[in-house]
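In: Curious how this folds, go ahead:
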Amino acid sequence: MKNIGIVLAIMFSAVFASCQEREGDQAQNQVVQLLQPQKFDDAVKAGKEVQLVDVRTQGEFSTGHLANALNFDIQGAEFEKQVSTLSKEKPVYLYCRSGGRSARAAEQLEKMGFKQVFNMDGGIMAWKAKGLPVQ
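Out: Numbering: from 1, shown residues only. You can find the predicted model right below:
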């Protein structure tokens, strides 16, 4: 009876480890990834040819934005045309006020064939709460 318990424990561990590996692989293969503000900042600073896009309105953008960010308002009529000027092969970093609009934009970019899209969790509000700089 004791041996059956050990065998079941080993089998459960193997199955659990296998599932975790698959979930990890799946996360690495996802087009859209959610990043916390500090990791988002680190990735933007470390990246080459960064495509950083603020998807808020022009009015919101003018109250403060990340350095070198483009402003493509997801609610604007020109959004899809503006996004089409970006390279689909290079990573795109998106943010908005709190994360909702940039999540929608990320889904749209994925449907358009972009290979890597990073969305900032919590948007510029979370960014500012961490004391990170805006222009």
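In: domains of the protein?
Out: The record's domain parsing of the chain by automatic domain parsing lists 1-29, 31-129.
In: any idea which of these is most buried?
Out: Each of those was assessed for mean neighbour count using mean count of other CB atoms under 10 Å. The highest is domain 31-129, with a mean of 17. Backbone N, C-alpha and C define where each C-beta goes, glycine included.
In: returning to what we had before: with respect to the domains of the chain, which exhibits the lowest mean confidence?
Out: Across the domains of the chain, the stretch with the lowest average pLDDT is domain 1-29; it has a mean of 44.
In: if we can go back for a sec, out of the domains of the chain, the one nearest Gln135 is which?
Out: Distances from Gln135 to each of the domains of the chain were compared using CB to CB; the minimum, 5.4 Å, belongs to domain 31-129.
In: Tell me the gap between the closest one and the middle of its chain.
Out: Offset of domain 31-129 from its chain centre (CA atoms, centre = their mean, to the nearest Å): 8 Å.
In: and Leu52, what are its phi and psi?
Out: Its backbone dihedrals place Leu52 at phi -110, psi 120, with angles given as degrees, to the nearest 10.
In: So it versus Tyr93, what's the distance?
Out: When CB to CB, to the nearest Å is the yardstick, Leu52 and Tyr93 sit 5 Å from each other.
In: who touches both of the two?
Out: Among the neighbours of Leu52, those also in contact with Tyr93 (CB atoms under 8 Å, 6 or more residues apart in numbering) are Val44.
In: is it possible to export the domains of the chain to CSV including distance to Gln135?
Out: What follows is the domains of the chain, written out as CSV (distance: least, CB to CB, whole Å):
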stretch, distance to Gln135
domain 1-29, 32
domain 31-129, 5
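In: can you pull out the helices in this protein?
Out: If you assign secondary structure with DSSP state H, the helices in the chain sit at 2-29, 37-46, 58-62, 79-83, 100-111, 123-129.
In: Check the gap between the closest residue to Arg97 other than its chain neighbours and Arg56 for me.
Out: If the residues on either side of it in the chain are set aside, Arg97 comes closest to Gly123, at 4.9 Å by CB to CB, 6 or more residues apart in numbering. Look at Gly123 and Arg56: by CB to CB, they are 8 Å apart.
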